[in-house]
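Participant: the amino acid sequence is not available; the structure is as follows:
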């Protein structure tokens, strides 16, 4: 069983010619098949956690450990983390001009699987996954995220998730900018991956609305750069009713 272990994680970022600590001792364990929701106000450090786990060069890990199946994630390059089974669905996916979705997906699958998928079966696999996400087949020939709407970008992220089958999926505010219909389709895609029982999911969100579609096993409140409370799904209901004010009186991170 794959396990992501985060222990006493401290992360800094350079801002305005100064070094600022954003994560201040994060402890979290995500096991294969579990879904953890990280909830917190804007500026609490949630996205910093996501990008630090993925290896973004903007963030410097100054203390603590991160392991996946006992292997040191911090020592891995970004591509090594992906091949080891970490997946990040970004809040703001970047454009990749000149690279079609179909080429991007097949190249990614080749890197993850260690060999190129057989073309005939791969085309069928992609087509079926796109149909499940209500995506036009012509979408595959467009350049990655170029001119995509917010909903199309998020569908593409979940398409990658379905095809690449990671051990741990980090979904950074996947609900951001989605209308109700797009949110439902994207959530159904996440749930299909979850139903396999082979993926641990770290769902980072500001709002509770996505949790009406994706039911977490564990909910964690993030504030001031650390997890300040953990519980079951009922904790999300508490946040919906009471907000984050009780957790943020000590100041916020970026």
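Facilitator: Received, thanks. As the structure is a computational prediction, the values presented were derived from the model and not from experiment.
Participant: all contacts plus neighbour counts: C-alpha atoms, from now on.
Facilitator: Noted.
Participant: need the helices for the stretch 151-254 of the chain, in chain order.
Facilitator: 180-195, 234-242 (DSSP state H, counting those that start in this stretch).
Participant: what are the contacting residues of the first one?
Facilitator: Where contact means Cα atoms under 8 Å, 6 or more residues apart in numbering, the residues beyond helix 180-195 that reach it are 33, 35, 132-134, 151, 154-155, 158-159, 161-162, 165, 175, 199-201, 210, 213-214.
Participant: can you list the weak-confidence ranges in the protein?
Facilitator: 250-254 (pLDDT under 70).
Participant: what are the ranges of the strands in it?
Facilitator: 3-15, 18-31, 35-39, 59-68, 71-72, 86-89, 96-100, 143-144, 168-172, 200-205, 218-223, 226-231 (DSSP state E).
Participant: need these in CSV (columns: distance to residue 47).
Facilitator: Converted to CSV, those look like this (distance: least, Cα to Cα, whole Å):
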stretch, distance to residue 47
strand 3-15, 12
strand 18-31, 10
strand 35-39, 10
strand 59-68, 11
strand 71-72, 21
strand 86-89, 11
strand 96-100, 21
strand 143-144, 22
strand 168-172, 6
strand 200-205, 8
strand 218-223, 11
strand 226-231, 12
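Participant: ok, back up a step: write a PyMOL command that selects only the buried members of the contacts of helix 180-195.
Facilitator: Listed next is the PyMOL selection for buried residues among the contacts of helix 180-195, using 16 or more other Cα atoms under 10 Å:
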select buried, resi 33+35+133+151+154+155+158+159+161+162+165+175+199+200+201+210+213+214
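Participant: show me which positions of stretch 69-78 end up buried.
Facilitator: 73, 74, 78.
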